[in-house]
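Engineer: sequence first, predicted model second:
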Amino acid sequence: MTHMLLAFFLLISACSSSQTKEINAKVDSVINPDKILIVYLSRTNNTKAIAEIIQRNVGGTLVALELEKPYPENYEVTVQQVVKENETGYLPPLKTKIDSIGKYNVVFLGFPTWGMKLPPPMKTFLHQYDLKGKTIIPFNTNAGYGVGTGFQTVKELCPNSKVLEGFEIKGGIERDGVYFVIKDEKAKEVRT
């Protein structure tokens, strides 16, 4: 996480003097927690744990994405539902509402990898809210297979935003009954 913030500051310092207004806005975003939004989707609390680590380190408003109709508890049933949603392009309606999204300049987006893709609820969020001109910092938990096309999809759905390099880490493996793992040593790994 520290590496992402360092990269963000380096990005700002590399700007030309003609971009002073933009630099000041971005620095204000990093320094002012009121301009930072941390949105996450978490099924087994691994992505939530990373979102909370980010909030402890940089501040900001923490928002969990919740669906109007939650996914089933059963993992296999959820997997089948998500496959159908991805095949059809269905965007499940969100129960979560964010007022005044315009006041945020930096948006951290956290999500697990589902079927090697960006989860449909996160796609709903990116279609529902205009993140134009914002700096987007994606982060991901996965079962060890990687982020798949998740970060690329974020870039595609946020064409008018500055999408920074994402952070990903192996979380739980729900299929195998391994749920919450972002604790103890794994949490220390996230913080460095």
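Structural biologist: Everything's here; your move. Owing to the predicted nature of the structure, the values given are computational and were not obtained by experimental measurement.

Engineer: hey, what's the residue nearest to the spatial centre of the chain bridged with?
Structural biologist: Among the residues of the chain, the one closest to the centroid is L109, at 1.7 Å (Cα atoms, centre = their mean). Taking DSSP bridges as the rule, L109 bridges to V39, P138.

Engineer: do I have it right that it meets K134?
Structural biologist: No: applying Cβ atoms under 8 Å as the test, L109 and K134 come out as separate, 10.4 Å apart. Every residue, glycine included, has its C-beta placed from N, CA and C.

Engineer: how about low-confidence regions in the protein?
Structural biologist: Under the criterion pLDDT under 70, the flagged ranges of the chain are 1-31, 172-189, 191-192.

Engineer: swap the cut-off to 80 and go again
Structural biologist: Applying pLDDT under 80 to the chain picks out residues 1-31, 170-192.

Engineer: which parts of it are helices?
Structural biologist: For the chain, applying DSSP state H gives helices covering 2-13, 20-31, 46-58, 75-88, 120-128, 150-157, 184-191.

Engineer: would you mind measuring from the residue nearest to K48 when sequence neighbours are not counted to T61?
Structural biologist: Spatially, and ignoring its direct neighbours in sequence, K48 is nearest to S42 (3.9 Å; Cβ to Cβ, 6 or more residues apart in numbering). S42 is 16 Å from T61, where distance means Cβ to Cβ, to the nearest Å.

Engineer: of those two, who's got more company?
Structural biologist: When neighbours are counted by other Cβ atoms under 10 Å, S42 comes out ahead of the other of S42 and T61, with 20 against 17.

Engineer: and the more buried one, how far from K103?
Structural biologist: 24 Å.

Engineer: over to T96?
Structural biologist: For T96, the distance to K103 - Cβ to Cβ - is 17 Å.

Engineer: quick one: which of these two has more around it?
Structural biologist: T96 (16 against 10).

Engineer: endpoints of stretch 65-73, how far apart?
Structural biologist: 16 Å (Cα to Cα, to the nearest Å).

Engineer: check which residues of that stretch are buried.
Structural biologist: Buried residues in stretch 65-73, counted by 16 or more other Cβ atoms under 10 Å: L65, Y71.

Engineer: mind listing residues that contact that stretch?
Structural biologist: 39-41, 43, 78, 81-82, 92-96, 121-122, 125 (Cβ atoms under 8 Å, 6 or more residues apart in numbering).
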